[in-house]
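K.L.:
Sequence first, then the predicted structure, then my questions.
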Amino acid sequence: MAALYPLLAVLIWAINAIVNKLSAGAIDPAAISFYRWLLALIVLTPFILPGVIRNRKNIYPYWWKLLILGLLGMALYQSLAYYAAYTISALTIGIFISLIPLLTVLLSIIILRTPPTLGTLVGGLLSFAGLVWLISGGHPAQLLTIGIGKGELMMLTAATAYALYGVLTKRWAMALPNWQSLYMQAFFGALLLLPDFLMAADVSLNAENIPLVLFAGIPASVIAPYVWIHGVMKLGASKTALFMNLTPVFTAIIAIIFLREPLHSYHIIGGGVSLIGVILAQRLRMPLGKNQPPAVTEINKQNQ
């Protein structure tokens with residue numbers, strides 16, 4: 001029963017990848033990015049704002065950290081995905097999202113000084129090879145002449161931003177209730193997205209794009225984090241993180257059925273190899289190097 005929490009969260013985020021694709025042409029990326037977090041704030045305010053006001057003295061010292069997290073997790077990650085949807089498929093978006101756990105592991109080595117493992121090395125190489133195969137459409141040599149598309153670069157940047165968001169969240173470990181922290185991050189995210197929103201040519205809402213904003217603002221921004229946090233509380237962070245590997249699978253199924261997106265062999269090969277690399281990075285925890293300090297050995301035991 002506890003597994004249903006992260007499973008539901010991943011399903012919602014997979015559907016949101018489809019929403020990203022549907023939003024292309026239906027609403028300006030700057031508009032849906034801003035409306036999404038504005039709506040989330042409106043929904044959360046009656047429940048969270050009173051506690052934020054009471055706890056403001058404890059929140060204030062962390063304001064700049066919350067601002068950076070809002071920039072990475074709410075502003076950059078989400079808005080870049082909307083822009084990328086103009087040139088790449090929902091299926092490809094899902095595959096890039098699935099790379100976030102691996103990117104988190106790699107950034108943890110640099111920022112948190114987490115010891116590198118065999119899984120990090122092998123998984124990183126496999127995921128990179130799979131990504132090259134996917135981006136090149138099964139013809140890696142073409143990348144030397146045509147380069148990487150803007151949509152792919154945007155999604156790689158978006159995934160890296162969210163991975164950095166996760167690493168910094170762990171590094172800073174702010175002594176704040178989860179929902180108050182999330183609320184302030186959403187506030188700063190909306191604030192940072194406001195200038196782009198005000199400069200957009202058309203931010204109008206209509207019958208076509210309102211359902212997209214509603215899904216992005218409530219299920220994807222409020223319900224999914226809520227059930228994900230419950231999953232972490234019941235299963236632990238490591239086990240819960242494994243469910244992220246289902247994101248490209250769910251996204252592919254939904255995109256093929258509802259968007260009629262074609263499934264090519266390079267999707268299966270590139271996405272599959274990348275996913276195997278992510279799983280190996282998470283599961284193969286044998287440390288690189290023969291002599292590991294006692295503290296490192298103890299950390300590895302605790303992570304297993």
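P.N.:
Structure's in. What do you need?

K.L.:
Give me the average confidence score over stretch 174-183.
P.N.:
The average pLDDT for stretch 174-183 rounds to 92.

K.L.:
now the end-to-end length of it.
P.N.:
This stretch, stretch 174-183, spans 14 Å end to end (Cα to Cα, to the nearest Å).

K.L.:
Run the chain-centre distance for it.
P.N.:
For stretch 174-183, the separation from the chain centroid amounts to 19 Å (computed by Cα atoms, centre = their mean, to the nearest Å).

K.L.:
One more: stretch 130-146?
P.N.:
23 Å.

K.L.:
List the buried residues of it.
P.N.:
Neighbour-count burial for stretch 130-146, counted by 16 or more other Cβ atoms under 10 Å, picks out 130, 131, 133, 134, 135, 136. All C-beta atoms are positioned from the backbone trio N, CA, C, and that covers glycine.

K.L.:
got it, and stretch 202-214?
P.N.:
Residues of stretch 202-214 classed as buried by neighbour count (16+ other Cβ under 10 Å): 209, 212, 213.

K.L.:
Tabulate the buried residues of stretch 130-146 in a markdown table, adding columns for pLDDT.
P.N.:
Listed next are the buried residues of stretch 130-146 as a markdown table, based on pLDDT from 0 to 100:
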| residue | pLDDT |
| --- | --- |
| 130 | 81 |
| 131 | 78 |
| 133 | 79 |
| 134 | 77 |
| 135 | 72 |
| 136 | 74 |
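
K.L.:
buried residues in the longest helix that the chain contains?
P.N.:
Ranked by residue count and defined by DSSP state H, the top helix of the chain is helix 29-54. Residues of helix 29-54 classed as buried by neighbour count (16+ other Cβ under 10 Å): 29-41, 44, 48, 52.

K.L.:
between these, which is nearest residue 233?
P.N.:
Comparing the buried residues of helix 29-54 against residue 233 with Cβ to Cβ places residue 48 closest, at 18.0 Å.

K.L.:
does the closest one really touch residue 179, like I thought?
P.N.:
Yes. Here residue 48 lies in contact with residue 179, judged by Cβ atoms under 8 Å, at a distance of 5.3 Å.

K.L.:
Between the two, which contacts overlap?
P.N.:
Common contact partners of residue 48 and residue 179 (Cβ atoms under 8 Å, 6 or more residues apart in numbering): none.

K.L.:
can you list the weak-confidence ranges in the chain?
P.N.:
Low-confidence segments of the chain (pLDDT under 70): 142-147, 237-238, 289-304.

K.L.:
rerun that using 50 as the cut-off
P.N.:
Flagging of the chain using pLDDT under 50 yields the residue ranges 291, 293-304.

K.L.:
Do a quick rundown of the strands in it.
P.N.:
For the chain, no strands turn up when DSSP state E is the criterion.

K.L.:
Geometric centre of it: which residue is closest?
P.N.:
In the chain, the residue lying closest to the centroid (Cα atoms, centre = their mean) is residue 162, at 5.1 Å.

K.L.:
So that one is in contact with residue 72, correct?
P.N.:
Yes. Using Cβ under 8 Å, residue 162 is in contact with residue 72, at 6.8 Å.

K.L.:
hey, where'd the helices end up in the stretch 1-150 of the chain?
P.N.:
4-23, 29-54, 56-59, 63-69, 77-84, 90-97, 100-111, 118-135, 143-146, 150-172 (DSSP state H, counting those that start in this stretch).

K.L.:
what about residue 9, how many neighbours?
P.N.:
Close neighbours of residue 9, defined as other Cβ atoms under 10 Å, add up to 26.

K.L.:
roughly how far apart are it and residue 232?
P.N.:
Here the criterion is Cβ to Cβ, to the nearest Å. By it, residue 9 lies 10 Å from residue 232.

K.L.:
can you check residue 172 too?
P.N.:
Distance, residue 172 to residue 232, using Cβ to Cβ: 17 Å.

K.L.:
Then residue 31?
P.N.:
Distance of residue 31 to residue 232, computed by Cβ to Cβ: 32 Å.
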